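In: here is my input, please return the structure:
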Amino acid sequence: MDIQRFQKAISLRDSGRLQDAVGEFDAMARETTDANEKASLLINEVRCYSGLGYFSEAERVLSETHELRPDDVVVRLNVDFGGACLAAQKRETEKAALVFGRILRDYSEILGTPEYRDLYEDIQQRRASAMVDVGRCAEAVPILRAARSFNSLKKEILQQVKLDLGICHAALGESVLAEEEFLEVINFGFNNEIEAQARFRLGIVYFTKREFLKAKQQLEAILRLYQDEIASLPRKYVYEQLSRSCHYLGDEASAKRYMGMAEQTGN
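Out: Predicted structure coming up:
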């Protein structure tokens, strides 16, 4: 393999020039007859297609990669990891959780080495997040607790870990622990979608505890701080919960206003 050319393709991928990277990986893959090299190149192509949201193309190339049957264990690890990540991106979260778990089992010897510690931590975090998505919160909690101390995780990923942990504690009826995690998510100060989710879920925790003013404050902060629409948090849900909070605060005028806003929006 032309290492310089491969590194150039990686740089294109990592800089967000995914379409250009696809072309480079694909051209290199067509030029080699070595199954392991070809699989390594194609799984990077899968990653680029996934990033572009071209899931049918990603699936096609992934299938082609599996047909090569690479015999290098590290290549097989990367192929299986790429497939699990694709499943997670497609919101096939039950499948993703199962495959991530199988990877940890089947490649435990490699993933237990210092060289692959970062990948091990990445897989554990992704597996736990998939578990949360399918409601396997009790199983996810110990993994997420361990993930809080992973050194390789970027701050944005650590923020997601804490959100997932808060979601689990809330689902398990552990409101104090849930509140702590959601507040830590907010304290990152990233003003992003993860923070908006934490504020909404924290508002639900406060509402359940009958701390209606605190609930109202978190929910109104979402409307104030996040002007753009949040795909995972429709404004309708925020308005409806605000209406309920205002009702229990005795502010019927605001309750009616927010419910009217909920009925008017489709988001």
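In: what helix or strand does Glu179 sit in?
Out: In this assignment (DSSP states H and E), Glu179 forms part of helix 175-187.
In: hey, where'd the strands end up in this structure?
Out: Secondary structure of the chain, counting by DSSP state E: no strands present.
In: low-confidence ranges in the protein?
Out: Low-confidence segments of the chain (pLDDT under 70): 266-267.
In: name the residues that touch the helix holding Glu179?
Out: Contacts of helix 175-187 from elsewhere in the structure, counted by Cβ atoms under 8 Å, 6 or more residues apart in numbering, are 159, 162-163, 165-167, 169-170, 194-195, 198-199, 201-202, 205-206, 208-209. Just so you know, the C-beta spots here come from the backbone N, C-alpha and C atoms, and that holds for glycine as well.
In: if we use 7 Å, what do you get?
Out: Contacts to helix 175-187, defined as Cβ atoms under 7 Å, 6 or more residues apart in numbering, come from residues 159, 162-163, 165-166, 169-170, 194-195, 198-199, 201-202, 205, 208-209.
In: just those now: which is nearest Gln4?
Out: Top of the list for closeness to Gln4, among the contacts of helix 175-187 and by Cβ to Cβ, is Gln159 at 36.2 Å.
In: distance check, the closest one against Leu223.
Out: Here the criterion is Cβ to Cβ, to the nearest Å. By it, Gln159 lies 21 Å from Leu223.
In: between these two, who's got more neighbours?
Out: Counted by other Cβ atoms under 10 Å, Gln159 and Leu223 do not tie: Gln159 has more neighbours, with 22 against 14.
In: am I right that the more buried one is in contact with Phe188?
Out: Yes: with contact taken as Cβ atoms under 7 Å, Gln159 and Phe188 are classed as touching, separated by 4.9 Å.
In: in the stretch 51-200 of the chain, which spans are helices?
Out: Shown for the stretch 51-200 of the chain, the helices assigned by DSSP state H, counting those that start in this stretch span residues 55-67, 73-89, 93-106, 108-111, 117-133, 137-147, 155-171, 175-187, 193-208.
In: buried sites along stretch 196-215?
Out: Going by neighbour count (16 or more other Cβ atoms under 10 Å), the buried part of stretch 196-215 is 196-207, 212, 214-215.
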